[in-house]
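Q: Here is my input, please return the structure:
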Amino acid sequence: MKPAVLMAHPRHFAIKGGANPHTRNRDKTLKEVDPTVALEQWNTYVDQLLECGLDVYVIDATPELTGMVFTANAGFIYGLRERKHSPQKTFFPSHFMVEHRMGESERFADFMTNFGFQVGDIPDQWRWEGEADAFPVLRDEDEVWIFTHNFRSDTEVGDWLESGLLNRDVLSLKLSDERYYHGDTAICDLGDHVLVYLDALEPVSQERIKEALGDRLVEIEEKDARAFLGNSFYVEVEERRLLFVPAGVRKKTQKDIAKLGVEVIEIDVSEFFGKGGGGPKCMVFNLGLCDPAEAGLTEEQSAFRHARHIKSLRRRRGRIR
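A: Sure thing, here's the model as predicted:
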């Protein structure tokens, strides 16, 4: 099995609600997406993921779901890191805070059912935007579960994760700067270290994460935080440790990360970050290790995976336009 991600075709990507400050001009009007640039950047990112040994599956958005391209907000897979087959893992769709994205939940849930995951849900009254605000960092006995809240996820979800699902301690952190509206815009796992932009957190939460991570914490400086280094995408492919960072992160910082044993790959997704406030991590939903032929899938689920793989789509349509 190979590491895999889910991406959404960007043909309908547009700025609709202006829910984060990256989407608005100085006069508060909404920014306009250049669809040609967005599509080219998206295809280039897909190419880089494939070249590095990942599988890429694609879900189609609809005209009204203009933010669906940021698939990291789709939800959360319980058991993602466990070496189990997909049918033994459960996908929990997000309960979106912003109205124009609420319709994504059912669409993602249907996709995950067809893909081979079980699908669960959290209590209706809570808002929660999945792995963007709830994720593990580090590995094995050092693993720490993080839950961030304030802008897009309700505080109560942290308690539910801790006692209702994970049955382990969860480090609950409060975000304080709306430019970093999800935890994954300011905190990035590197396997044995964690990049953190501390100023995105309230003072009490800053102390909590420093205590929890100790010398594994690598502080992000403001210049790189503004370039969305915290929203880099980290993935392990066989013996390689890869980090896809947004263009704009300083070369010195990239070299410092490389000294930690991580291969840094710069990716230009400026049309998505500069207009929508989402970088390399926001654009992918981590499916973990999976394969169209893995055990436990029905014939229909295996066929669905083959059909939604980017290579199959490109064979039918050419390079996606």
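
Q: All the helices of the stretch 201-321 of the chain, residue numbers only.
A: All helices of the stretch 201-321 of the chain, identified by DSSP state H, counting those that start in this stretch, fall at 203-213, 222-226, 251-258, 270-276, 299-308, 310-317.

Q: which of those is buried the deepest?
A: helix 270-276 (a mean of 22; mean count of other Cβ atoms under 10 Å). Bear in mind the C-beta positions are built from the backbone N, C-alpha and C, glycine included.

Q: Distance check, His306 against Ser176.
A: Distance, His306 to Ser176, by Cβ to Cβ, to the nearest Å: 45 Å.

Q: Sorry, wrong one. I was asking about Gly279.
A: 20 Å.

Q: swap in Leu49?
A: 32 Å.

Q: So the two - more neighbours on which side?
A: Leu49 (27 against 16; other Cβ atoms under 10 Å).

Q: In contact with the residue nearest the centre of the chain: list those residues for me.
A: Nearest residue to the geometric centre of the chain (Cα atoms, centre = their mean): Ala72, 3.1 Å. Contact partners of Ala72, counting by Cβ atoms under 8 Å, 6 or more residues apart in numbering, are Gly130, Glu131, Ala132, Asp184, Gly278, Lys281, Cys282, Met283, Val284, Phe285, Asn286.

Q: quick one, phi psi at it?
A: With angles defined as degrees, to the nearest 10, Ala72 sits at phi -60, psi -20.

Q: Just the pLDDT for it.
A: Looking at Ala72, its pLDDT stands at 95.

Q: for Arg317, same thing?
A: With respect to pLDDT, Arg317 scores 67.

Q: Over to Arg241?
A: Listed pLDDT for Arg241 reads 98.

Q: Surely it touches Val262?
A: Yes. Applying Cβ atoms under 8 Å, one finds Arg241 in contact with Val262, separated by 4.8 Å.

Q: more crowded one of the two?
A: Just comparing Arg241 and Val262: by other Cβ under 10 Å the higher neighbour count belongs to Val262, 22 against 16.

Q: Surely that one and Leu190 touch.
A: Yes. The criterion here is Cβ under 8 Å, and Val262 meets it with Leu190 at 5.7 Å.

Q: which residues are in contact with both of the two?
A: Tyr234, Arg241, Leu243.

Q: Okay, now the unreliable bits of the stretch 201-321 of the chain?
A: For the stretch 201-321 of the chain, the stretches flagged by pLDDT under 70 are 317-321.
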